[in-house]
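Chemist: quick one: sequence and predicted model below, then my questions.
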Amino acid sequence: MLLNCDLGESYGSWTMGLDDEVMPHIDQANIACGFHGGDPLTMRNTLTLAATHGVSIGAHPAYPDLVGFGRRSMTLTSDELIAALHYQVAALDGMAASAGLTVDYVKPHGALYNDMMSKAEVRAAVMEALAAYHRPLPLMLQATPEAHTHRNEAAVLGLEVLLEAFADRCYDDDGKLLSRRLPGAVHSRDKMLAQVAQLQNQGSVTTISGHTLPLAADTLCVHGDNPEGVQAIREIRALVGGK
């Protein structure tokens, strides 16, 4: 499995994440596009950092919610959402092209990601936006038991998908991430590493109730917001190999 991480989310004098420490250990960088975090200089610097370490570049667009860090669900029309996605992806894509780089995929952020997974109309708008971009880009979305359906939805539009699992999050029996408001939603270090090993070796996770849930993931989401997270990424890298 590849490792992906949300990066480039600093804004002005506000610093988010340990991008310099994370980038050497990952395969895919999901770079914020200015709507929830990130600014032009941060975007440019993160692109340069990704290029230095040979990391694939992904656009990480969000709802227009800078104050809420993109974590609040918003009601946008399909046309509004498509336009917002094109605006953000084009910004990163243009900056990447100016540096001789290429954006390889798109992963929505925060509430937009969650809405995409739970609401068919939001997912349809996201897929339509990427399929209608001047060069269609693969969409990264959560690996769930409905992955076959999501692949078929994308295929109708000629769109590729990348399925991701989560290293440190607990799953419910339906394949959804357990709400952070519930106990046990975020794994301890040992449980996280055990889940990564299970995904790598068996293609499954153990749910909150102890059931084995098959998940075919192309990429694994990791987090480098603090020193403990960076150390966890190093340990996960050692488990999955590569780099």
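Modeler: Happy to help now that I have it.
Chemist: where do the helices sit along the chain?
Modeler: Using DSSP state H, the helices of the chain run over residues 19-22, 40-52, 78-98, 110-118, 120-132, 147-156, 189-202, 227-240.
Chemist: can I get the ones you listed in a markdown table including distance to residue 6?
Modeler: All C-beta spots, glycine's among them, are computed from the backbone N, C-alpha and C. Formatted as a markdown table, the helices of the chain follow (distance: least, CB to CB, whole Å):
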| stretch | distance to residue 6 |
| --- | --- |
| helix 19-22 | 10 |
| helix 40-52 | 11 |
| helix 78-98 | 13 |
| helix 110-118 | 9 |
| helix 120-132 | 17 |
| helix 147-156 | 21 |
| helix 189-202 | 17 |
| helix 227-240 | 11 |
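Chemist: out of the ones you listed, which is closest to residue 10?
Modeler: Across the helices of the chain, residue 10 has its closest neighbour in helix 40-52 (4.9 Å, CB to CB).
Chemist: which residues sit in contact with the residue nearest the centre of the chain?
Modeler: For the chain, the residue sitting closest to the mean C-alpha position, by CA atoms, centre = their mean, is residue 107 at 4.7 Å. Going by CB atoms under 8 Å, 6 or more residues apart in numbering, residue 107 touches 4, 6, 30, 58, 59, 60, 113, 139, 140, 141, 162, 164.
Chemist: compute the number of surrounding residues for the last one.
Modeler: This points to residue 164. Counted with other CB atoms under 10 Å, the neighbours of residue 164 add up to 23.
Chemist: leaving out the residues flanking it, which one is nearest to it?
Modeler: Residue nearest to residue 164 in three dimensions, not counting chain neighbours: residue 219, with 4.7 Å by CB to CB, 6 or more residues apart in numbering.
Chemist: the one you found and residue 173: what is the separation?
Modeler: 23 Å (CB to CB, to the nearest Å).
Chemist: the two: who's more crowded?
Modeler: Neighbours per residue (other CB under 10 Å) separate residue 219 from residue 173, with residue 219 holding more: 22 against 12.
Chemist: ok, that one - contacts?
Modeler: 1, 2, 3, 4, 27, 28, 140, 162, 163, 164, 165.
Chemist: what do you get for residue 95?
Modeler: Here residue 95 is in contact with 40, 43, 44, 47 (CB under 8 Å, 6+ apart).
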